[in-house]
Structures are given as structure tokens and as C-alpha cells.
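Asks: here is a sequence together with a model predicted from it:
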Amino acid sequence: MTVRVRFAPSPTGYLHIGGARTALYSYLFAKAHGGQYILRVEDTDLERSKREYEEAQIGDLKWLGINHDEGPDVGGNLGPYRQSERMQMYKDIAWDFVERGLAYPCFLTMKELEKLTEKANAEKKAPHTYHGKYRDFDLSEAKKRIEAGEEHVIRFKNPGKKWTFNDLVRGEVTFPEDMVGDFVILRANGMPVYNFCCVIDDHKMGMTHVFRADEHLNNTCRQLQIYEALGVTGEDLPKFGHVSLLIGSDRQKLSKRHGATSATQYKEEGYLPQALTNYLCLLGWSHPDETDIFDVNELGSTFNYDRFSKSPAMYDINKLKFFNEQWLRKLSDAEIAEGFSKFIPETSEYHKMTSEWKERFAALMKEKVQLFSDVNEFLPIFFDSGVDEDDQYKDAISWETTPQIQLYLSGELASVEGDFITEEKVGEWMTYLKKEMKIKGKQLFMGLRVSLTGRAHGPDLKTVVALTPKSIIAKRLGL
RNA sequence: GCUCCCAUCGUCUAGCCUGGUCUAGGACACCGCCUUUUCACGGCGGUAACAGGGGUUCGAAUCCCCUUGGGAGUACCA
């Protein structure tokens, strides 16, 4: 049997980092087994679902390299892949359940429901205790009231059984009879509800495995009931794998208030997709060889559910940055130069440089940054004639040898042709200062550095000088 | 409240299933040293964990029970 897994986001916002992780796991699992990975859009919440979010999420998934075989944008044999386009089917099934006595119309209004919930709370009973008021209401009578236009929902009749299933990551899980009540499957506005559509679609779309976050574990109890009503039991049921949750530094479920939680933000901030997938993959899953830097696409059959961890994983942006740094260094100088270009403000002189200059610059800077945008901190060294007066700078500038160096440099600079100084030229200056002017050691190197770069720290001196426009250096020397 | 789930360094985790090789390994972060006449990179080293209590056993991080702690769910959201 071919493995079929899906990722089913609801387009109510941008792709969440946790969603990206479950999508990645599903995708990786399909790949590991030569199966198919499907994208299904769960847009039954009319109020919050937006097409632009759907597009954004698909875009982000593609950016991460998580490509689906079937989906609303690419089609497939078992579509449509957008739940809003499958409405009639859900309604038909819901009413079929009603006819078969597995579900029933319920006329409880929101206000009544609120009161019942209060009552249940006061009695310390589960809120769903009283949801079954219309459970045994006469169906023909109910239909009359519906025809008369009375607002109603369809509730599923909980058969009151214990449910057990074998979770791929958690092992055997059992839910008691009264875990849930008679839950709604069709809302008053006619829209079906998540637990209902999800099951119908997973079944109709031939899913063999379902990976989702731990927060859905309890939903499995409701879903198992729907499956049974659909006649799907035992081996025909998909295998479920509930992956641990991603949490923030306060150990709560990761959400917006924890900072950047959408894939879009990371894309915009210049993170590399390989780094993000690499990091996400390791948050709750471990590589059998204990390797940590790897290309998720090369995992192949190494990826399996027996290495999922059960406890929640804290999301740590510092570690993500480390992964980004590692992946950035694997890039060619030309690719890094291109990356830098995107994150350096348009007004910067950087953009006026030749591509050869940019590649040399990239080669020099790649050891210094974790993110492309970090390069901006270093730009003043090359394009701003101002100085950075920290203690070490002040110290070096106060040595009596430094003005001598500057005087010599000022004279030499005039004889340099072209817009840049070569590394060889800097070498010649050093030799002269050492041999003829007897300046050596720290006095020589730091004196040169502060005079030429305007600061006590920076990348390799000769390279920096060779990449800095002569005019900037001239200004630093007061010319 | 009730239900379900979880529990190894600050963090991500290996080890647990198939008890001994674990004075618990790796990675991030942190600290130190080396390298670099700057800063980084790199190399080497260090601090740091089996939640607690009972069992079972010759022996428990590993198996069982309890306690405690944490999380999720308890919707006409997904």
C-alpha cells in the first residue's frame, strides 16, 4: 500500500513555525516511504479564512522545499483539496448520519448552552454533560421545526464507548466513555466542523498516516467515533502520530507573543530555508547518527517515527541562528554576495561595487555573520569615513608612533593609482614602516589599523584595506 | 474541576523498548586556553542533568507504583 500523508493547514494566518514542522515531518515521512504528500486547505471557518493566507502558506511551504504532490494549486485525483469546495458532501454525510440515527438535529441556542455550561460548572460536572438534550427528540418533529426555519446544529451521538488506539509516537492511548459529549458536526450556519471534515477527507483522500501536533491528541477520540460511523475501523484506519508541541521560553505553546513565529518572518529576515528545516527537523526528532547539520532532503529512509521525542520542545532562536550560520558558509561566494545584496539598504555604496568586489567581500565576511543582514554592522568599515572610538582605539591613537604612521600614509596615498589600494601595497608600507621607521609589533599593526579603518577591530587588515575605496581612507587620514 | 499526554545539563537531545559497557554521550549557549600582532573563524578543554519517594533486581537513567511538577484538551476554532 502506498503511503499517503497530508498537511492540512487552515488559512487563518501565515504559516506557523509549528505548522511548518508538522508539514516537514509529514513530507519527510512520505519521502522516506516513496509515498505521496498532500496539501489540503481547511477553510471551514468562514470568518477567519482568507485566500491570501492560503497563497502565503503555499508560498512559504515551497520556499522551505516542502513540495506537495496534490493540492488546491496543483490538483490531483481526489480533489477538490479545499474544504470549502466540498461542502455538499459533508452536509450529505451529516444528514445520512441523522437518518441512520447516528446524529441528530439539536435546537439548543447559544444562550441555553451557556446556562447549561454554568450549571455543569457549578455542579463540577463536565460541560458536555447536558449537551444531549435533543438526543432522543422525534426526528419527524425535528424536521418540521427545521422547515419552519428554526436554527439548529447537527450533533453526533456519542455511542458511549471507551476508545483505544495505538499512537505512532505515544504508543497505546485510551479515552474513557465520557471523554466528550454529543459534539457538533454541522454548525447553525450550515458549515461543518473540523473534526468532522477532517475525518471524511482523510478517509476519502486515502490517508494512511496522519501526523499532527499533540494538541490534537484529544480530538482523536471524536474522530475515531466518526470513522466508525463511516464504517472505517481496524486496519482501515489511518495510523496517527501525535508529535510533541513547540513551546516558548515560558514553556507555553508557541504563539505570536513569543516573537517571530511565522515562516514568512524568517524568510523576510533572510534565514536560509535549509537552516530552518534542519533546525525544525531536530526539534522533536533525532538523527540516528546524532548528526546535527544535514540536508533534510537527504534523510531518505533514515527518517522514521520511532525517533520522535514525546515531550514538548522549546524553540530557541539562538540555535536556529547557529544552524543558519552553518548553512550560510556552505554557500558559494557569489551566492553569499547575492544574499548580502538583498539585505543591504539600497542607498549603500555597496551596490555600486563590481561583482568581483562583491565576491571578495563575501569571502571575507562570511565567517563573521550568522544572517545576511548582520553584514550591515560591518559596512561602515568600508564606506563610512567616520571612526569608532572605543577604548582600544583611543589607546592606539595616543601612541606617539601613530601620527608618524599617518603622516607617512598621507604621503604614500597620493602616489596610489586607481580607486583602491592593493594588498601588496599595504604589505610594502608595512615593510617600510618596520625597516626604515623602526615601528614594529602592536604599534605598527594597530597603528595601521586605526589609521586606515578608523577602528580597533575588523576583519583581516590587508583585505579590508583592499576593499575600501581610496577616497574613504583618504578622508580618515584627513586628506 | 475532569480527561489525555509528558518528565535526562539553562536549551535541543542520545541512552530507556532488549536493566550492567553510563564516574550519563553529543549539540546550542556560557567560561578558559591555543591560534590570530585586531575581532572573528577554527582547535582544545571546562561548568552543567537522570524531578522526588517507594518497590523489583546481585545490579535501575533504563522495569513497576505513588507523589510532585509541566503541558494540552474540555467550542457552533483548527
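Replies: Yep, that arrived.
Asks: from here on, contacts and neighbour counts on C-alpha atoms
Replies: Fine.
Asks: which stretches of the stretch 151-300 of chain A form strands?
Replies: A:153-156, A:163-167, A:171-175, A:184-186, A:209-213, A:239-243, A:246-247 (DSSP state E, counting those that start in this stretch).
Asks: an error on my part: the question was meant for the stretch 301-450 of chain A.
Replies: Applying DSSP E, counting those that start in this stretch to the stretch 301-450 of chain A gives strands spanning A:313-314.
Asks: all helices for it, in order.
Replies: Remark: helices assigned in the stretch 301-450 of chain A by DSSP state H, counting those that start in this stretch are A:317-330, A:333-343, A:355-365, A:379-383, A:391-398, A:401-414, A:423-435, A:441-453.
Asks: now do the buried residues in the shortest one.
Replies: Spelled out, it's helix A:379-383. A:380, A:381, A:382, A:383 (16 or more other CA atoms under 10 Å).
Asks: coming back round to it: go through the strands of the stretch 151-300 of chain A and pick out the most buried.
Replies: A comparison of the strands of the stretch 151-300 of chain A by mean neighbour count, using mean count of other CA atoms under 10 Å, puts strand A:153-156 on top with a mean of 25.
Asks: that one and RNA strand B, are they touching?
Replies: Yes. Against RNA strand B, strand A:153-156 shows contacts by CA under 7 Å from any atom of the strand at residue A:153.
Asks: just checking: what are the partner strands of that strand?
Replies: Sheet pairing of strand A:153-156 (DSSP bridges) gives strand A:103-106 (antiparallel), strand A:184-186 (antiparallel).
Asks: so which of those strands is nearest RNA strand B?
Replies: With CA to the nearest atom of the strand as the measure, strand A:184-186 is the member of those nearest RNA strand B (4.9 Å).
Asks: contacts for that closest one?
Replies: Strand A:184-186 is contacted by residues A:91, A:94, A:153, A:154, A:155, A:156, A:192, A:193, A:195, A:196 when judged by CA atoms under 8 Å, 6 or more residues apart in numbering.
Asks: just to revisit the earlier point, which among the helices of the stretch 301-450 of chain A is found nearest to residue A:52?
Replies: For the helices of the stretch 301-450 of chain A, the distance to residue A:52 is smallest for helix A:333-343, at 24.4 Å, taking CA to CA.
Asks: in that closest one, what counts as buried?
Replies: A:333, A:334, A:336, A:337, A:338, A:339, A:340, A:341, A:343.
Asks: which residues touch residue A:410?
Replies: Counted by CA under 8 Å, 6+ apart, residue A:410 has contacts A:474, A:477, A:479.
Asks: and residue A:323, by the same measure?
Replies: Residue A:323 neighbours (CA under 8 Å, 6+ apart): A:275, A:276, A:278, A:279, A:293.
Asks: what's the burial count for the last one?
Replies: Translated: residue A:293. Neighbour count for residue A:293, taken as other CA atoms under 10 Å: 15.
Asks: the spatially closest residue to residue A:447 that is not a sequence neighbour: what's it in contact with?
Replies: Distance criterion CA to CA, 6 or more residues apart in numbering; nearest residue to residue A:447, sequence neighbours excluded, is residue A:402 at 5.1 Å. Listed by CA under 8 Å, 6+ apart, the contact set of residue A:402 reads A:396, A:443, A:447, A:448, A:451.
Asks: residue A:271 versus residue A:402, what's the distance?
Replies: 42 Å (CA to CA, to the nearest Å).
Asks: likewise for residue A:382?
Replies: From residue A:382 to residue A:271 the distance is 24 Å (CA to CA).
Asks: could you do residue A:19 as well?
Replies: For residue A:19, the distance to residue A:271 - CA to CA - is 17 Å.
Asks: nearest to residue A:354, of the buried residues of helix A:333-343?
Replies: residue A:337 (10.9 Å).
Asks: quick check, pLDDT for the closest one.
Replies: Per-residue confidence (pLDDT) for residue A:337: 96.
Asks: before we move on, what about residue A:133?
Replies: 89.
Asks: then residue A:110?
Replies: Looking at residue A:110, the pLDDT reads 87.
Asks: make sure residue A:150 is indeed in a strand.
Replies: No. Looking at residue A:150 with DSSP: H, G, I helix; E, B strand; the rest coil, it is coil, so not inside a strand.
Asks: what's the local residue count around it?
Replies: A count of neighbours around residue A:150, defined by other CA under 10 Å, yields 12.
Asks: ok, residue A:250 next?
Replies: Counted with other CA under 10 Å, the neighbours of residue A:250 add up to 9.
Asks: that older thread, neighbour count and pLDDT added to the contacts of residue A:402, as JSON lines?
Replies: Shown next, in JSON lines, are the contacts of residue A:402 (neighbours: other CA atoms under 10 Å; pLDDT from 0 to 100):
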{"residue": "A:396", "neighbour count": "23", "pLDDT": "91"}
{"residue": "A:443", "neighbour count": "17", "pLDDT": "91"}
{"residue": "A:447", "neighbour count": "27", "pLDDT": "93"}
{"residue": "A:448", "neighbour count": "24", "pLDDT": "94"}
{"residue": "A:451", "neighbour count": "24", "pLDDT": "94"}
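Asks: my guess is residue A:255 meets residue A:249, correct?
Replies: No. Taking CA atoms under 8 Å as the definition, residue A:255 is not a contact partner of residue A:249, at 11.0 Å.
Asks: for the nearest residue to residue A:336 once chain neighbours are set aside, what are its contacts?
Replies: Distances taken as CA to CA, 6+ apart place residue A:362 nearest to residue A:336, at 5.9 Å, with adjacent residues excluded. Neighbouring residues of residue A:362 by CA under 8 Å, 6+ apart: A:333, A:334, A:336, A:337, A:340.
Asks: coming back round to it: take the buried residues of helix A:379-383 and write them to TSV, including pLDDT and distance to RNA strand B.
Replies: As requested, the buried residues of helix A:379-383 are exported to TSV (pLDDT from 0 to 100; distance: CA to the nearest atom of the strand, whole Å):
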residue	pLDDT	distance to RNA strand B
A:380	95	14
A:381	95	11
A:382	96	14
A:383	95	17
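Asks: show me which of those residues is closest to residue A:126.
Replies: residue A:380 (64.0 Å).
Asks: how close does that closest one get to residue A:388?
Replies: Going from residue A:380 to residue A:388 by CA to CA gives 9 Å.
Asks: repeat for residue A:466
Replies: 20 Å.
Asks: the two: which has the busier surroundings?
Replies: Set side by side, residue A:466 and residue A:388 show more neighbours around residue A:466, with 21 against 17, by other CA under 10 Å.
Asks: mind checking which helix or strand the more buried one is in?
Replies: Following DSSP states H and E, one finds residue A:466 within helix A:461-467.
Asks: residue contacts, the residue in the stretch 101-250 of chain A positioned nearest to RNA strand B?
Replies: Closest approach of the stretch 101-250 of chain A to RNA strand B (CA to the nearest atom of the strand) occurs at residue A:215, with a separation of 3.1 Å. Going by CA under 8 Å, 6+ apart, residue A:215 touches residue A:245.
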